[in-house]
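>>> pasting the sequence and the predicted coordinates here, then a few questions.
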Amino acid sequence: MTQDLFDDVFDEDRRALAKRTRRFAETRIAPNAAAWERARSLPDPLRGEAARAGLLQTGFPADLGGVGDLLDTAVVTHALVLGGQCPGAVVGLGAHHLALPPIVSMGSPAQKRRYIPP
């Protein structure tokens, strides 16, 4: 499986997002993948690094710090898997996509401010 698989749905912005994400995964995740998988744990700073790189905000409303849409989330997930070679890291970094949608749709303004920004 290569990046070419999605060429028909990637515009230039999505290609750049995929490239940036894959570079992050190759440099920050892949070198540690085996150790993290064995430990079944990720270092706490990794989430902050991924957020600062703009990889955790996809698919959430812009007024809550989000960027892009759900296709961008798929682009990021795909690039993290290919570049990082660490499924546990991808699941760990993407867990907020399971937890936050109810807060986005039904949470109070205070809950949204507290839990959603990266």
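Arrived safely.

>>> could you dump the helix or strand of the chain with the lowest mean pLDDT to CSV, C-alpha only?
Every helix and strand of the chain was ranked by mean pLDDT, DSSP states H and E. The lowest is helix 96-99, at a mean of 88. Provided in CSV are the C-alpha atoms of helix 96-99 (Å, rounded to 0.1, in the frame of the first residue of the first chain):
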residue,chain,number,x,y,z
HIS,A,96,-10.0,11.5,21.2
HIS,A,97,-12.0,11.0,18.0
LEU,A,98,-14.0,8.5,20.0
ALA,A,99,-14.4,10.6,23.1
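
>>> show residues contacting that helix.
Residues outside helix 96-99 that contact it (CB atoms under 8 Å, 6 or more residues apart in numbering): Leu56, Gly59, Thr73. Every C-beta, even on glycine, is put in place using the N, C-alpha and C of the backbone.

>>> repeat for stretch 58-72
With CB under 8 Å, 6+ apart as the test, stretch 58-72 has contacts from 9, 14, 17, 54, 57, 73, 75-76, 97, 100, 104, 112, 116-118.
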